[in-house]
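Participant: Have a look; sequence and predicted model below, questions after that.
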Amino acid sequence: MIPDLSSGAGYHEYRSYSEADISSYANLSGDHNPIHLDDKIAMEKGFKRRICHGMLVVSNISKILAVNFPGPGTIYLQQSIDFKSPAYPGEKLKYSLTVLGSDPVKRKYQIQTDVFHDDGEMVLTGEALVLVR
């Protein structure tokens, strides 16, 4: 069953990433930038400690679109991303997706994709275009 995809409809969920998740992503992607893997180097670069890969954080948006909102059969067509602040291992993140507009005839939906820290500070913002089959 397809969820309500009228303009303004939304979905949210929470997710955190462990140090093991970050290491696994580094090995899978080949991105071994030390700011993701070494607290000391990350701090030398101005972070509180090692940070999550930005694309690891974004990958959960893909999961949400494919599994939860809109769900199975969704085809990811486009994604814009504006990174605002880093995400850290163990930190609880809120993923918030909101339908901005649609073309029901073509079954295409523009969806706002935002991720926030637990305190409300934005991690990233963007828009996705999806095709729902």
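Facilitator: Noted; the coordinates are in hand.

Participant: unless I'm mixing things up, Ala9 is touching Leu100, no?
Facilitator: No. In terms of C-beta atoms under 8 Å, Ala9 does not count as a neighbour of Leu100; the distance is 10.1 Å. To be clear about C-beta, it is placed using only N, CA and C from the backbone, and glycine gets the same treatment.

Participant: Name all residues that make contact with the most centrally placed residue in the chain.
Facilitator: For the chain, the residue whose C-alpha lies nearest the mean C-alpha position (C-alpha atoms, centre = their mean) is Val58; its distance is 3.0 Å. The neighbourhood of Val58, defined by C-beta atoms under 8 Å, 6 or more residues apart in numbering, consists of Gln79, Ile81, Leu124.

Participant: Let me know whether Pro72 touches Ala66 as I believe.
Facilitator: Yes. Between Pro72 and Ala66 there is a contact at 6.9 Å, judged by C-beta under 8 Å.

Participant: So these two - more neighbours on which side?
Facilitator: Ala66 (16 against 10; other C-beta atoms under 10 Å).

Participant: wait, is that one part of a helix?
Facilitator: Yes. Secondary structure assignment (DSSP: H, G, I helix; E, B strand; the rest coil) places Ala66 inside a helix.

Participant: Tell me the confidence at it?
Facilitator: Ala66 carries a pLDDT value of 96.

Participant: and what of Ile2?
Facilitator: Here, the pLDDT recorded for Ile2 equals 67.

Participant: can you check Leu93 too?
Facilitator: Per-residue confidence (pLDDT) for Leu93: 98.

Participant: go on, the one 5 residues further on?
Facilitator: According to the predicted model, the pLDDT of Thr98 comes to 98.

Participant: Kindly report the same for Leu28.
Facilitator: Predicted confidence (pLDDT) at Leu28: the value is 97.

Participant: A helix includes it, no?
Facilitator: Yes. Secondary structure of Leu28, determined by three-state DSSP: located in a helix.

Participant: residues contacting it?
Facilitator: With contacts defined as C-beta under 8 Å, 6+ apart, Leu28 has no neighbours.

Participant: Ok, Ala26 next?
Facilitator: For Ala26, the contact set (C-beta under 8 Å, 6+ apart) comprises His32, His36, Leu37, His53.
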